[in-house]
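**Student:** got a predicted structure here, sequence first:
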Amino acid sequence: MHDVLRLLERDDYAFLIGLLDSSFNATDSAKLRRLLADLETQDSADARAVLNRQLERELRYVGSSEVLYWARYLSGQEPGVPFEEVVQDVAKALKVEVPRLGTHREQLETLVTEYATQQFAQMTPAEQQRLLEQLGVEQDKAAAFVKRSAGVFALPMLITAFNLVVVEGLIKTIIFGTIAKLIGTRLAQQILVFVAGRVPWWVQWIGPVAWSLSLGWTAIDLQGPAMRKTIPAVLYLGVCSLRASNAASS
């Protein structure tokens, strides 16, 4: 997963550390925070490499059964599950088909785009139109698109109908709305306090109306408490990967 972690910015590290922070498992969030402080003091390839290794350990830990994690650790094996298994578990929980082949970035980007498109399709026509208008689409154009689509959506169709900025906004609104729903309002606020003053790159996309709209969606079938960390973390990494891909193509 190094191809994913190398894309992260300081705000991304801060947000992910906030997601993983817990006193109920072996996640070493204190060490992650120290490593992030070191990176902020002196941003270097070595500092990023150390932080990325620790972050990968924590991400693979929360995606693993704690018993199996320590069994691997005590037997000398690399603890935690492979990252592609984490992605597949998240995809299963979200009821999204993700190819098992391909790079971690490709799997993550497929996950977030397919999930966002799926969630948008499940909204009522009125909710779809309202969300498009919030993202800057003119009322008449949004209404015509929703009527013409008749509940059938695909990412290429959305990009053709609107510009990439609108589609990015739609994906981010849905993904961060899901994250907020999974971790709860209180934790979401705590994480925002943790990154206060950093002005995370995604804040400009997510207004209060969009968050409240997202929180009304159908509950996700979680298979264990760790998924409340795993799903948000994986979705966030997927959006970071999309951000880098879109920046490279623009």
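**Tutor:** That came through, no problem. Residues are numbered from 1 along each chain as shown.
**Student:** drop to CA atoms for contacts and neighbour counts, all remaining ones
**Tutor:** Noted.
**Student:** show me the strands in the protein, by range?
**Tutor:** Using DSSP state E, no strands are found in the chain.
**Student:** low-scoring stretches of it, by residue?
**Tutor:** 22-28, 63-80, 155-156, 184-226, 250 (pLDDT under 70).
**Student:** and the contacts of the helix ranked longest in it?
**Tutor:** Longest helix in the chain, counting residues (DSSP state H): helix 227-249. The contact list for helix 227-249 (C-alpha atoms under 8 Å, 6 or more residues apart in numbering) reads 4, 7-8, 16, 19-20, 59, 62-63, 86-87, 90, 105, 108-109, 111-112, 172, 175-176, 178-179, 182-183, 222.
**Student:** also stretch 98-116?
**Tutor:** For stretch 98-116, the surrounding residues in contact (C-alpha under 8 Å, 6+ apart) are 1, 3-4, 83-84, 87-88, 91, 94, 96-97, 155, 170-171, 174-175, 234-235, 237-239, 241-242.
**Student:** give the ChimeraX command for selecting the buried subset of those residues.
**Tutor:** Command for ChimeraX that selects the buried part of those, burial taken from 16 or more other C-alpha atoms under 10 Å:
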select :4,83,84,87,88,91,94,96,170,171,174,175,234,235,237,238,239,241,242
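**Student:** can you give me the helices in the protein?
**Tutor:** According to DSSP H, the chain carries its helices in the segments 2-5, 10-20, 29-41, 45-62, 66-74, 83-94, 104-122, 125-134, 139-149, 155-161, 164-183, 185-194, 208-214, 227-249.
**Student:** so who does Val137 touch?
**Tutor:** 162, 166.
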